[in-house]
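Asker: coords below, sequence missing:
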Ligand code: ATP
């Protein structure tokens, strides 16, 4: 069993830099957990502490049932794949992949079997005699993964392994790592700053900011129920639109008022918003929850606002509209057939059952 757990782990670098603060994370056996967040949020530090490449200032790290705080990296039975591949330039692919096993004095036949097995899994059998400089970025990354596989570790750690690849290769390798996880059934922890990688690969996602875990959830829960404005804005592309305004009541109905437009809040949300009536609040709506009225069969006028379309970005199956409401700008993601003219005024319909409200002081989700 190779669960990994971090208990109250903090890391303070010299100069009182708190890279991570009181991290509590339990990764289940065979789970694929992705740690995601912006640059400098402490993702790599967290992973390096699991690997033993960095020592925690406070807290405990367990791999399986073993407390590994004082266990050196080579004895942790983990394998790590780095962004820069870290291949030995003077060794062939075969030598690179077998190096760790040879160092550990595995019998030659066992080494050979494992390297060939891993090469077959990754489709690099024909590259075994090449030098790293004779490989493409994607092939080098496969070799780096292969070197990790041959060790048969109980935990794989990936630190931004796809960042140096072009967009197409990234998508391909993403799928391959996903398949590898299914095939190997091994615990994997994967660090990335790319929310798409996180959403598509993770059984669960850990969102970090400023060294602190913001939320741990499976992809859909993270998307639908972000705990705060940071998570709501970080996960999803284009990001959620945020608009500052106030909640006002009139004739027993409640509206979100942004200054120029107002939209009616659905009754089911009102109890949770009770303390915010007549106060400033942040309204959030995802681009796909805004519709062009021309394509909506019945739109309540209370959910409809007027905006100017400033930029039209056709993406193929969908179109991103950059809109100006007079006071705010926002992005809508509409169907590929919808092509308004630039600078055209249009009516937009908000799906008010999908909106979120955030506290303007704490940024926490209210409803
Ligand atoms: P990136 O995506 O840019 O790699 P990250 O989320 O992985 O960022 P870390 O590399 O874990 O972030 O760094 C977290 C914080 O700790 C940053 O503020 C960084 O500057 C700081 N830090 C990391 N390593 C050291 C070090 N060896 N000495 C001092 N500060 C460090």
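Answerer: It's in. Here the structure is a predicted model, which is why all the values come from computation and not from measurement.

Asker: and whichever helix or strand residue 19 is part of, anywhere near the ligand?
Answerer: Per DSSP states H and E: residue 19 is located in strand 17-27. Yes - Strand 17-27 lies within reach of the ligand by C-beta under 6 Å from any ligand atom, at 17, 19. Any C-beta I mention is one placed from the backbone N, CA and C, and that applies to glycine too.

Asker: So what touches that strand?
Answerer: Residues outside strand 17-27 that contact it (C-beta atoms under 8 Å, 6 or more residues apart in numbering) are 3-13, 33, 42, 45-46, 49, 59, 187, 189, 206, 208, 210-213, 216.

Asker: Given that strand, what are its sheet partners and their directions?
Answerer: Paired neighbours of strand 17-27 in the sheet (DSSP bridges): strand 4-13 (antiparallel).

Asker: Could you give me the buried positions within the strand it pairs with?
Answerer: Buried residues in strand 4-13, counting neighbours by 16 or more other C-beta atoms under 10 Å, are found at 4, 5, 6, 7, 9, 10, 11.

Asker: follow-up on the earlier one: which outside residues touch whatever helix or strand comes next after the strand holding residue 19?
Answerer: Next along the chain after strand 17-27, taking DSSP H and E as the criterion, comes strand 32-36. Strand 32-36 is contacted by residues 25, 27, 43, 46-47, 178, 181, 188-195, 197-198, 201-208, 234 when judged by C-beta under 8 Å, 6+ apart.

Asker: Are any of these buried, and if so which?
Answerer: For those, buried by 16+ other C-beta under 10 Å: 25, 27, 43, 46-47, 181, 188-195, 197-198, 201-202, 204-208, 234.

Asker: which residue sits closest to residue 296 in space, ignoring its chain neighbours?
Answerer: Leaving aside its chain neighbours, residue 296 sits nearest to residue 349 (5.0 Å; criterion: C-beta to C-beta, 6 or more residues apart in numbering).

Asker: what bridges to the one you found?
Answerer: residue 291, residue 304.

Asker: dump the residue contacts of it.
Answerer: Taking C-beta under 8 Å, 6+ apart, one finds 290, 291, 292, 293, 296, 299, 303, 304 in contact with residue 349.

Asker: Residue numbers of this protein in contact with the ligand?
Answerer: 13, 17, 19, 37, 39, 40, 41, 42, 43, 44, 45, 193.

Asker: Identify the residues contacting the nearest residue to the fifth one once chain neighbours are set aside.
Answerer: If you skip the residues right next to it in sequence, residue 39 has residue 193 as its closest partner in space, 6.1 Å away by C-beta to C-beta, 6+ apart. Applying C-beta under 8 Å, 6+ apart, we find residue 193 in contact with 36, 37, 38, 39, 43, 160, 163.

Asker: Sketch out the low-pLDDT regions of the stretch 1-150 of the chain for me.
Answerer: Counting by pLDDT under 70, the stretch 1-150 of the chain shows low-confidence ranges at 1.

Asker: switch the cut-off to 90
Answerer: 1, 74, 82-86, 121, 137-138 (pLDDT under 90).

Asker: Helices of that one, start to end?
Answerer: In the stretch 1-150 of the chain, the helices defined using DSSP state H, counting those that start in this stretch lie at 43-51, 93-103, 108-122, 137-150.

Asker: Reformat those into a markdown table and put distance to residue 251 next to each item.
Answerer: Below are these laid out as a markdown table (distance: least, C-beta to C-beta, whole Å):
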| stretch | distance to residue 251 |
| --- | --- |
| helix 43-51 | 50 |
| helix 93-103 | 72 |
| helix 108-122 | 66 |
| helix 137-150 | 62 |
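
Asker: Pick out the residue of the stretch 101-250 of the chain closest to the ligand.
Answerer: Going by C-beta to the nearest ligand atom, the ligand is nearest to residue 193 of the stretch 101-250 of the chain, at 4.9 Å.
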